[in-house]
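coords please:
(one chain, ligands or ions: 2)
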Amino acid sequence: MVRLFLTLSPAISRFNLYPGISILARNNNSLRLQKHHKLKTKTPTFSLISPSSSPNFQRTRFYSTETRISSLPYSENPNFDDNLVVLGIETSCDDTAAAVVRGNGEILSQVISSQAELLVQYGGVAPKQAEEAHSRVIDKVVQDALDKANLTEKDLSAVAVTIGPGLSLCLRVGVRKARRVAGNFSLPIVGVHHMEAHALVARLVEQELSFPFMALLISGGHNLLVLAHKLGQYTQLGTTVDDAIGEAFDKTAKWLGLDMHRSGGPAVEELALEGDAKSVKFNVPMKYHKDCNFSYAGLKTQVRLAIEAKEIDAKCPVSSATNEDRRNRADIAASFQRVAVLHLEEKCERAIDWALELEPSIKHMVISGGVASNKYVRLRLNNIVENKNLKLVCPPPSLCTDNGVMVAWTGLEHFRVGRYDPPPPATEPEDYVYDLRPRWPLGEEYAKGRSEARSMRTARIHPSLTSIIRADSLQQQTQT
Ligand code: KG4
Ligand code: ZN
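Ligands and ions are numbered 1, 2, ... in the order given. I've put the predicted structure just below:
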């Protein structure tokens, strides 16, 4: 039987067929597996530890952790090979992240360099500056991840890297690095979808989480409700028609004069604790749209108008505000958070009903992405999910915000089923054109969920991950 593999990375066009190469990659793997048997084995701990609760894990400008999440979810499944070890690299936005993860879910290392100063200086992510910052630290971040895992490149089974969606300039830095490592050490390479990685990392932390499941993915650039049928196959039930919730948190923080060093979300969440969440009347967006789509642009405007009405000066940091000014800011933060999350609640309720019609066996709902680290979000959505008799799976905050673990893990999931590219050449010209996918849908849009309010910008959108993978399996069937 001729085996054909889909390629997710730049060296090969998406639908090319490379049976010979796949065999080569397999042989490489078996060699690597033998090497892994010789690796010093680390004593696994069986409690689930959130890296954020570790004393080693501080969100300073440059931080790392060796804390292991040792849920070992797949150790009894022969398809999940404990000896696989994958390096994951993430540079799609403003965090430069790398991690090494073992096939059984053990996190051997996790390193992140964040661009806090730039975020404060520009009040958001400036692509060119972000690219330069990634380029400055990428080598060190990857080296630290390997060192903390006590491994060298030779011990790896594959390299996984985010190829989209995200900022092209930033994605390029990670992809270039990943291809250098893979090329120099003859390693297969797996191109990863950033939003799929946010969803699948939940399978690393929750052993019971199997397909099909639902996911709400909430970050700075995305607001997605998806139904995950199986690995690589997703139906998009809802998305945002304009801004994502994380963007609304970030702008609210900026306009309220909050400290943006940890991004806006955590600052709003903290100040909201002091405020009265019902004091400022904001309208819940898209209340009368009977779909699962989101909109946060209007809520942003409502917040801006409330801030203007209270004559809050963003240039005056909240730490220097008078008591009354501080209370006004806290009331706006709390009222904004309440309504922003109510919008999530309403759409999630409907999306769960739709998903159960399509896949009645669903047992879990995943909530992930940076905004899912918010305690209020978790609490409110847990109520919704439990009322629908589902179980909420929410990764620890350090795995909700952008990280290398989710990329390594998603790389592992695809690698196991044969979706990877062969090692790139050891040297590639500086001007090599990488296949980056800045706009890359995760799944096909559910017809019932199509919103008229949604602008249909189609320029330079890649086919969705789902349609690419479907096309690949069809080709495999016709060739066997
Ligand atoms: O997933 P992520 O790290 O990066 C993107 O893919 O965008 O998400 C970043 C977003 C930012 O908008 C940030 O403000 C938001 O997640 N965020 C939060 C919290 N922590 C991060 N939003 C609300 N509450 C939080 N605790
Ligand atoms: Zn993200």
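
the stretch 51-200 of the chain: helices as residue ranges?
For the stretch 51-200 of the chain, the helices defined by DSSP state H, counting those that start in this stretch occupy 116-122, 127-148, 168-184, 194-205.

quick check: which of the ones you listed is buried the most?
Mean neighbour counts were compared across the helices of the stretch 51-200 of the chain using mean count of other CB atoms under 10 Å; the top stretch is helix 194-205, at a mean of 27. No exception for glycine: its C-beta is placed from N, CA and C like everyone else's.

tell me the mean pLDDT for whichever helix or strand comes after that helix?
Using DSSP states H and E, the helix or strand that directly follows helix 194-205 along the chain is strand 213-218. With pLDDT averaged residue by residue, strand 213-218 scores 98.

check which helices and strands the strand or helix carrying Phe249 sits against.
For Phe249, the host element (DSSP H and E) is helix 245-255. Applying 3 or more CB pairs under 8 Å, 6 or more residues apart in numbering; DSSP states H and E, one finds that helix 245-255 contacts helix 264-272, helix 297-309, helix 323-358.

okay if I get the ones you listed as CSV plus mean pLDDT and mean neighbour count?
Listed next are those as CSV, based on pLDDT from 0 to 100; neighbours: other CB atoms under 10 Å:
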stretch, mean pLDDT, mean neighbour count
helix 264-272, 97, 23
helix 297-309, 98, 17
helix 323-358, 98, 20
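
now those helices as a markdown table including distance to Pro422?
Shown next, in a markdown table, are the helices and strands packed on helix 245-255 (distance: least, CB to CB, whole Å):
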| stretch | distance to Pro422 |
| --- | --- |
| helix 264-272 | 40 |
| helix 297-309 | 44 |
| helix 323-358 | 36 |
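
nearest to ligand 2, of those?
Among the helices and strands packed on helix 245-255, helix 264-272 comes nearest to ligand 2, with 12.0 Å by CB to the ion.

does the closest one come close to ligand 1?
Yes: Helix 264-272 comes into contact with ligand 1 (CB under 6 Å from any ligand atom), by way of 264-266, 269.

identify all contacting residues around stretch 340-355.
214, 216, 218, 225, 227, 237-238, 245, 248-249, 284-287, 290-294, 296, 299, 362, 365, 376-377, 380-381, 384-385, 388, 390, 446, 448-449 (CB atoms under 8 Å, 6 or more residues apart in numbering).

now the residues you listed: which count as buried?
214, 216, 218, 225, 227, 237-238, 245, 248-249, 285-286, 291-294, 296, 299, 362, 365, 376-377, 380-381, 384-385, 388, 390, 446, 449 (16 or more other CB atoms under 10 Å).

ligand 1 next: which of these are close?
Phe249.

among the buried ones among the contacts of stretch 340-355, which lie within strands?
214, 216, 218, 225, 227, 237-238, 365 (DSSP state E).

out of those, which is nearest to Leu356?
Met214 (8.7 Å; CB to CB).

so the closest one bridges to which residues?
Leu227, Met365 (DSSP bridges).

now do the contacts for it.
225-228, 351-352, 355, 362, 364-366, 390.

same check on Asp94?
114-115, 118-119, 125, 130, 133, 170.

at 6 Å instead, please
115, 125, 130 (CB atoms under 6 Å, 6 or more residues apart in numbering).

also Leu299?
Each residue near Leu299 by CB under 6 Å, 6+ apart is listed here: 248, 285.

use 34 as the first number from now on
In the new count, where the first residue is 34, that last one comes out as Leu332.

quick check: it vs Ala339, distance?
11 Å (CB to CB, to the nearest Å).

ok, Val133 next?
46 Å.

from ligand 2, how far off is Val426?
17 Å (CB to the ion, to the nearest Å).

pretty sure that residue is touching Val399, no?
Yes: counting by CB atoms under 6 Å, Val399 is a contact partner of Val426 at 4.8 Å.

those two: which is more packed in?
Ranked by neighbour count (other CB atoms under 10 Å), Val426 and Val399 place Val399 first, with 28 against 22.

wait, what's in contact with the residue of the stretch 34-183 of the chain found nearest ligand 1?
Closest to ligand 1 within the stretch 34-183 of the chain is Cys126: 5.2 Å, counting by CB to the nearest ligand atom. Cys126 makes contact with 158, 199, according to CB under 6 Å, 6+ apart.

at 8 Å instead, please
Cys126 makes contact with 158, 163, 199-200, 203, 253-254, 435, according to CB under 8 Å, 6+ apart.

now do the phi/psi pair for it.
With angles defined as degrees, to the nearest 10, Cys126 sits at phi -130, psi -110.

related to what we said a few turns ago, shared neighbours of Leu332 and Ala339, which are they?
Phe315.

quick revisit: how about a markdown table for the helices and strands packed on helix 278-288, with distance to ligand 2 added?
Below are those laid out as a markdown table (distance: least, CB to the ion, whole Å):
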| stretch | distance to ligand 2 |
| --- | --- |
| helix 297-305 | 12 |
| helix 330-342 | 20 |
| helix 356-391 | 16 |
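
closest one of the ones in strands among the buried ones among the contacts of stretch 373-388 to ligand 2?
Ligand 2 has its nearest neighbour among those in Ile251, at 9.4 Å by CB to the ion.

not counting sequence-adjacent ones, nearest residue to the residue nearest to the spatial centre of the chain?
With distances taken as CA atoms, centre = their mean, His231 lies nearest the centre of the chain, 3.1 Å away. Distances taken as CB to CB, 6 or more residues apart in numbering place Ser401 nearest to His231, at 4.4 Å, with adjacent residues excluded.

contacts only, for that neighbour.
Taking CB under 8 Å, 6+ apart, we find Ser401 in contact with 231-232, 234-235, 248-251, 427-428, 432-433.

what score does it have for pLDDT?
Taking Ser401 on its own, its pLDDT is 98.

look up how far Val175 lies from it.
Look at Ser401 and Val175: by CB to CB, they are 24 Å apart.

and if you look at His231?
Separation of His231 from Val175 (CB to CB) stands at 21 Å.

quick one: contacts for Leu475?
Contacts of Leu475 (CB under 8 Å, 6+ apart): 226, 228-229, 257, 259, 267, 269, 497-499.
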